[in-house]
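Participant: Turn this into a structure:
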Amino acid sequence: MSKALVVIPTFNELENIELLLQHIISLQYEFDVLVVDDNSPDGTAQLVKKQMGVFPGRIFLLERAGKLGLGSAYIAGFKWALEKDYAFVFEMDADHSHNPKDLIHLLNACSKDGFDMAIGSRYVTGVNVVNWPMNRVLMSWLASRYVRLITGMNIFDTTAGFICYRREILQKINLDEIQFIGYAFQIEMKYKAYLSKFRIKEVPVVFTDRTNGESKMSSGIISEAIFGVLTMRLKSLFNMLDI
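Facilitator: Numbers count the residues shown, from 1 in each chain. All right, here's what the predicted structure looks like:
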């Protein structure tokens, strides 16, 4: 079994998942993949099962009863990875916005350079985003600036969802106490790793917006992120944040 596992949450990613799995499996380094599917009505899970037959022992599927949120999907995947003794665990989107080749750069930052968390960063060397409208780029960039200001983290892409974790981070952070299920989940994981003094590295990547399927972004997710950051910061000031 590989020592590296890529966790990919899915909901209606039939148009994207097969090619993504093939790209990951074809990489020079041996990454295993766990797809966490929230009962996609479009048949995403069935297509993953087909690929499991093509690549036995490399692709795995965790099926859930319904659409329970991005954060809870990753938590389920992290717990699965810890049970299977993976040394490095990755977050990755299913929509091809993250280049599978960058998995190796993130892994090297942790396995060779000694960092505990490697973030595939859109903003550490400028703005590296393709096919997003300017208003969305600006909103995302300002959101990361806002999080840096409130939390004090020296991270340029605080909302990034392309990450490599050493298993020690996932063992240290109380996964059952993660509060957020939307994109604020990404901020919460980074903030708790930061407060725990783990070494964090931003690796520049190019983010390309999806061409197939629909975005899962919503106004509720944005509100959760805005107010969730304030809540976390206040709790940390009064030593009330459970890490």
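Participant: quick one, what contacts the residue nearest to Ala160 when sequence neighbours are not counted?
Facilitator: Take Ala160 and drop its neighbours on the chain: the residue closest to it by C-beta to C-beta, 6 or more residues apart in numbering is Ile119, 5.1 Å away. All C-beta spots, glycine's among them, are computed from the backbone N, C-alpha and C. The contact partners of Ile119, taken as C-beta atoms under 8 Å, 6 or more residues apart in numbering, are Leu106, Ile155, Asp157, Ala160, Phe162, Ile163, Lys190, Ile200, Lys201, Glu202, Val203.
Participant: And for Met153?
Facilitator: Met153 makes contact with Val147, Lys190, Tyr191, Tyr194, according to C-beta under 8 Å, 6+ apart.
Participant: wait, doesn't Glu18 sit right on Gln51?
Facilitator: Yes - the pair Glu18 / Gln51 is scored as a contact, 6.2 Å apart, by C-beta atoms under 8 Å.
Participant: overlap in contacts of these two?
Facilitator: With C-beta under 8 Å, 6+ apart, Glu18 and Gln51 have no common neighbours.
Participant: residues making contact with stretch 76-92?
Facilitator: 1-9, 31-32, 34, 36, 60, 62, 64, 74, 98, 100, 103, 106-107, 110-111, 161-167, 170-171, 175, 186.
Participant: Name only those of those that count as buried.
Facilitator: Among the contacts of stretch 76-92, the ones that count as buried by 16 or more other C-beta atoms under 10 Å are 2, 4-9, 31-32, 34, 36, 60, 62, 64, 74, 98, 100, 103, 106-107, 110-111, 161-167, 170, 175, 186.
Participant: Tell me which of these fall in strands.
Facilitator: Secondary structure defined by DSSP state E assigns 4-9, 31-32, 34, 36, 60, 62, 163-166 of the buried ones among the contacts of stretch 76-92 to strands.
Participant: Now that we have the contacts of Met153, can you turn them into a markdown table and tack on pLDDT and secondary structure?
Facilitator: As requested, these are exported to a markdown table (pLDDT from 0 to 100; DSSP: H, G, I helix; E, B strand; the rest coil):
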| residue | pLDDT | secondary structure |
| --- | --- | --- |
| Val147 | 92 | helix |
| Lys190 | 97 | helix |
| Tyr191 | 96 | helix |
| Tyr194 | 97 | helix |
